[in-house]
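Participant: Need coordinates for the following:
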Amino acid sequence: MLISKIFIMLAALLTGALINRSLAPFNRGIFAEIQIWIDLFIIIFGISMEVAIYHFANKTLYNYDDKTKLATIFFMTFVYSIIAVLALKYCVLYWPQKFSFALVNSLTLVTILLVTTMLVTNLTVFLQAAGNIKYSALIGILQALFNVLIIGYGYFLGIIDVRFVVERLVIIQIIALLLLFIVFFKSGLLLGRFSMNMAKGMMIAGFKQHIGTISCFIYTKVNQLIVFRYCGEREAGIFAVSLNLAFSLIFIPEVFRTVLYPRIIHSNDDYDITIKSLRLGFYGWGAVVLCVILFAKPLLLIYAGKEFLPAINIFRIIMIGTWLLAVSSLFAPYFIKAGAFMFSSFLAATLGIISIALNIWLVPIFASTGAGIATAITCFTGFCMVLLFMWRLTRKNPFVIFKINFKDFYLFKELI
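Facilitator: Coordinates of the predicted model:
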């Protein structure tokens, strides 16, 4: 998974650099708007399936076989995606002024991307939750490879525009979907039967977490729409580049969290592992963030070019937020195993409200810099709330994560 994520990150940096140079800030802002609307409808109508999939991977609580899980997850995801498509088309039909012309003009393409993205995301999570990290990593590498080939072809011919970039995403998701079905076919998992009981349980678990999922999306992504509406396409493009680069570099803690899920879900030393993980994330990822902040200018020059250099300070501010956000996310496997969805949803909903309020206040004054400040403040607040949540759930001192213990690096070695 680490090799896969490194490959994906390098591919994302390369393709992102070509896309940013081809689109320039104005069209990059339009593309960001399309992406956020798609992601928003996926989040709203996905009913937190990813969380439910990980929760139901705990074989000590649920005895469903993998065939049944796959059939149920696929059917539920497909139904959710159709509902999301209908909702998006309804909104575009009755409120077209809320969307860019590019999105309205590419609505069919956007709906295909929405459906395939939901299917690929949830089926990949199923692979990872089942412990099939190898196949999940391989599919990620192949996706990244096709991404580089398609964008490289478009850049060489000079045909990259907003529509081409969206079409590329559709092709990559379809390829990933085919690869997933090949894996499932070879594993003998395609002949399972849909389980209504499991579906009900996943819906209930998803709804418990759903407010939290939506709120998390709000305080990390919706600020792009706010910048788009208040400041226009160019400013939105500058902010989108700084935000995307920051979140692209977060791949190391994301890999760590991904392999933590099966490690924590299927073990008895879950609390100790969680504390060690948070400690490693706080100091280890913090050191990486400091280096990135120091070399922000050359990174942005490589990733986007001179036209996006006004994003340097925004990028630095957001990197501080990603440091604390990444550390906070390492607690997710523990609370998902514990089934503590309601408290988590309350935490995320609170952060969502804080984020929207801060963005509405700061963006009109400081433009995209205000959105970066709002993101950093929200992530810091979330980190503090996670510490409080840890104490509430475990009744143990959460500040032990700040106690340096070099033996914890054996955990990092084990997970690698």
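
Participant: Pass me the low-pLDDT residue ranges in the stretch 1-150 of the chain, would you?
Facilitator: For the stretch 1-150 of the chain, the stretches flagged by pLDDT under 70 are 1-2.

Participant: now the helices for it?
Facilitator: Under the criterion DSSP state H, counting those that start in this stretch, the stretch 1-150 of the chain contains helices at 2-45, 49-55, 66-94, 101-105, 107-129, 133-157.

Participant: quick one, what contacts the residue nearest to residue 184 when sequence neighbours are not counted?
Facilitator: Excluding its sequence neighbours, the residue lying closest to residue 184 (C-beta to C-beta, 6 or more residues apart in numbering) is residue 190, at 5.3 Å. (Glycine included, C-beta is placed from N, CA and C.) The neighbours of residue 190, taking C-beta atoms under 8 Å, 6 or more residues apart in numbering as the test, are 67, 70, 181, 184.

Participant: for residue 101, same thing?
Facilitator: With C-beta under 8 Å, 6+ apart, residue 101 has no contacts at all.

Participant: where do the helices sit along the stretch 301-416 of the chain?
Facilitator: 312-329, 332-338, 341-366, 368-394, 409-415.

Participant: So which of those helices is the most surrounded?
Facilitator: Comparing the helices of the stretch 301-416 of the chain by mean neighbour count (mean count of other C-beta atoms under 10 Å), helix 312-329 ranks first with a mean of 23.

Participant: Restricting to C-alpha, output that one in PDB.
Facilitator: Provided in PDB are the C-alpha atoms of helix 312-329 (Å, rounded to 0.1, in the frame of the first residue of the first chain):
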ATOM      1  CA  ILE A 312       2.400  29.900  -1.400                       C
ATOM      2  CA  ASN A 313       1.200  31.300   1.900                       C
ATOM      3  CA  ILE A 314      -2.200  29.600   1.500                       C
ATOM      4  CA  PHE A 315      -0.500  26.300   0.900                       C
ATOM      5  CA  ARG A 316       1.600  26.700   4.100                       C
ATOM      6  CA  ILE A 317      -1.400  27.500   6.200                       C
ATOM      7  CA  ILE A 318      -3.300  24.500   4.900                       C
ATOM      8  CA  MET A 319      -0.300  22.200   5.600                       C
ATOM      9  CA  ILE A 320      -0.500  23.100   9.200                       C
ATOM     10  CA  GLY A 321      -4.200  22.100   9.100                       C
ATOM     11  CA  THR A 322      -3.400  18.800   7.400                       C
ATOM     12  CA  TRP A 323      -0.800  18.000  10.100                       C
ATOM     13  CA  LEU A 324      -3.500  18.000  12.800                       C
ATOM     14  CA  LEU A 325      -6.200  16.600  10.500                       C
ATOM     15  CA  ALA A 326      -4.000  13.600   9.700                       C
ATOM     16  CA  VAL A 327      -3.200  12.900  13.300                       C
ATOM     17  CA  SER A 328      -6.900  13.200  14.300                       C
ATOM     18  CA  SER A 329      -7.900  10.700  11.500                       C
END
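
Participant: Residues touching stretch 112-125, excluding its own?
Facilitator: 38, 41-42, 46, 49-50, 53-54, 70, 73-74, 77-78, 80-82, 84-85, 88, 136, 139, 166, 169-170, 173-174, 176-177, 180, 184.

Participant: on that earlier part again, need the contacts of residue 190 in CSV with neighbour count, can you?
Facilitator: CSV is the format used below for those (neighbours: other C-beta atoms under 10 Å):
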residue, neighbour count
67, 17
70, 23
181, 15
184, 22
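
Participant: Among these, find me the one that's closest to residue 98.
Facilitator: residue 181 (35.9 Å; C-beta to C-beta).

Participant: any idea how far that closest one is from residue 371?
Facilitator: Residue 181 sits 39 Å away from residue 371, going by C-beta to C-beta, to the nearest Å.

Participant: If we ignore the residues flanking it in sequence, what's nearest residue 42?
Facilitator: residue 118 (5.6 Å).

Participant: Can you give me the distance of the one you found to residue 60?
Facilitator: Counting by C-beta to C-beta, the gap from residue 118 to residue 60 is 29 Å.

Participant: Residue 298 now?
Facilitator: For residue 298 relative to residue 60 (C-beta to C-beta), the value is 49 Å.

Participant: One more: residue 188?
Facilitator: From residue 188 to residue 60 the distance is 24 Å (C-beta to C-beta).

Participant: Then residue 276?
Facilitator: Taking C-beta to C-beta, one finds residue 276 at 22 Å from residue 60.

Participant: do the same with residue 395
Facilitator: 23 Å.

Participant: Then residue 168?
Facilitator: 42 Å.

Participant: What of residue 228?
Facilitator: Applying C-beta to C-beta, the value for residue 228 to residue 60 is 46 Å.

Participant: neighbour count winner among those two?
Facilitator: Using other C-beta atoms under 10 Å as the criterion, residue 228 and residue 60 rank with residue 228 on top: 21 against 8.

Participant: show me what contacts that one?
Facilitator: Residue 228 makes contacts with 29, 32, 33, 236, as judged by C-beta under 8 Å, 6+ apart.

Participant: which secondary structure element contains it?
Facilitator: Assessed by DSSP states H and E, residue 228 sits inside helix 223-231.

Participant: quick check: angle from that helix to helix 312-329?
Facilitator: 150 degrees (axes from the mean of the first three to the mean of the last three C-alpha atoms, to 10 degrees).

Participant: For helix 223-231, C-alpha coordinates in CSV please.
Facilitator: Written as CSV, here are the backbone C-alpha positions of helix 223-231 (Å, rounded to 0.1, in the frame of the first residue of the first chain):
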residue,chain,number,x,y,z
ASN,A,223,-14.7,26.0,1.2
GLN,A,224,-13.8,25.8,-2.5
LEU,A,225,-17.4,26.5,-3.5
ILE,A,226,-17.5,29.4,-1.1
VAL,A,227,-14.3,30.9,-2.7
PHE,A,228,-15.8,30.2,-6.1
ARG,A,229,-19.0,32.1,-5.3
TYR,A,230,-17.4,35.1,-3.4
CYS,A,231,-14.2,35.5,-5.4
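
Participant: Alright, that wraps it up for me.
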